[in-house]
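>>> Test case, fold it:
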Amino acid sequence: MEYTYAEPLQAGDTIAVVAPSSALAGDDVIKGLTFLRSLGYEVKIGKSVSAFDGYLAGPDRLRARDINEAFADDAVKAIVCLRGGYGATRILPLLDYELIAAHPKLFVGFSDITALHTAFLQRCGFCPIHGTMVMSLGRNASEYTKEQFAYGLQHPYEARELPLPPGCQPETLVPGAVTGPLAGGNMMLLSVLMGTPYAIDPPDGAILCLEEVGEEAYALDRMLCQFEESGLIDRVRAIAFGEFHHCGPDEGARYEWTVKEVLQAYARKWGKPAVMGLPFGHGADNAWLPLGQMAGLEARLDGVRFTLL
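Residues are numbered from 1 along each chain as shown. Modelled structure (predicted):
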């Protein structure tokens, strides 16, 4: 499938901030919005950003309307999500995919936003961005993450080797070299979408990117087993594991497997090129990854090279 690439931003352009999932989180939001403005952009804040409906950022229809209106607004050049949490799956039936496809824009987020990324890539045919969000920019984003985000807005699909933050040393689980379009995101969201009309259907030969937060090794095992038994792994060419933030255990204990042992076991069972430790996910370091864009993965025993093509 040929994907559409959104236009890069220029100084003075308008970024819309929307909240498809959970509600705002105080000072972190103010700091994140200040950072966006410091880059030289105008910011348009959706109604959902200040709305509450239980644990959601307003009713489903309000959150969906914010997204539809942001895509329809010709003055808006990019859309950055407030945060993840929960709620994006609830609005999938309420989005106007025909309208969105007719107005492709940079759409940036991760975590719960994986639900929207998958829908936009498959139903609208444009490449959304797996990247940091407003709350993260105001809370724990590293300088690496901020640089990736700022550069990505103006060079969203540039061919380049993915830079690594200090101390990041991705590890090869299964050696090999492949090229393919990027797909995937948060494991939990990919898992809960299976069996629905919005389930991931990766492009041929995809490099499947996977990350997670706050899950025990057995829960990761369960999701990887589901990906295998659903046929998802058969349809991809390689697996790129990102960060497994606050997932455990990190060290072996009696009657336990570590996160690394679970990832290793599945990667070796599948026999496809696989790496772990790439800088994307819920930690301080979160790279700019355009889903749908072609990439190259070289998984060597002496190191890993990940390139956007």
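>>> Which parts of this protein are strands?
All strands of the chain, identified by DSSP state E, fall at 14-18, 42-45, 76-81, 106-109, 129-130, 160-161, 171-174, 176-186, 206-213, 236-245, 274-276, 289-290, 294-300, 303-308.
>>> average pLDDT for stretch 13-25?
Mean pLDDT, stretch 13-25: 93.
>>> Same question for stretch 276-296.
Averaged across stretch 276-296, pLDDT comes to 98.
>>> ok so, going back, between the strands of the chain, which gets nearest to W257?
Among those, strand 236-245 comes nearest to W257, with 13.0 Å by C-beta to C-beta. In this view, the C-beta of every residue, glycine as well, is placed from N, C-alpha and C.
>>> got the angle for the closest one vs strand 303-308?
With axes from the mean of the first three to the mean of the last three C-alpha atoms, to 10 degrees as the basis, strand 236-245 and strand 303-308 are set at 110 degrees to each other.
>>> Please identify the buried residues of strand 236-245?
Residues V236, R237, A238, I239, A240, F241, G242, E243, F244 are the ones in strand 236-245 that count as buried (16 or more other C-beta atoms under 10 Å).
>>> So what touches that strand?
173, 176, 178, 180, 183-184, 202, 205-215, 220, 233, 259, 263, 267, 270, 272-283, 285, 297, 299, 306 (C-beta atoms under 8 Å, 6 or more residues apart in numbering).
>>> Let's see that with 7 Å instead.
Applying C-beta atoms under 7 Å, 6 or more residues apart in numbering, the contact partners of strand 236-245 are 176, 178, 180, 202, 205-213, 259, 263, 267, 272-276, 278-283, 297, 306.
>>> ok now it, how far from the chain's centre?
Using C-alpha atoms, centre = their mean, to the nearest Å, the distance from the centre of strand 236-245 to the centre of the chain it belongs to is 12 Å.
>>> go on, stretch 148-159?
Here stretch 148-159 is found 15 Å from its chain centre; the criterion is C-alpha atoms, centre = their mean.
>>> Show me which residues of it are buried.
Q148, F149, A150, G152, L153, P156, Y157.
>>> Distance across it, terminal residue to terminal residue?
14 Å (C-alpha to C-alpha, to the nearest Å).
>>> average model confidence for that stretch?
Rounded mean pLDDT across stretch 148-159 is 98.
>>> how many neighbours does the closest residue to C81 other than its chain neighbours have?
Spatially, and ignoring its direct neighbours in sequence, C81 is nearest to G109 (3.5 Å; C-beta to C-beta, 6 or more residues apart in numbering). Counted with other C-beta atoms under 10 Å, residues neighbouring G109 total 29.
>>> Please verify my assumption that G109 contacts M133.
Yes. G109 lies in contact with M133 (C-beta atoms under 7 Å); the separation is 5.2 Å.
>>> which residues are common contacts for these two?
C81.
>>> buried subset of the contacts of strand 236-245?
Buried members of the contacts of strand 236-245, counted by 16+ other C-beta under 10 Å: 176, 178, 180, 202, 206-213, 259, 263, 267, 272-276, 278-283, 297, 306.
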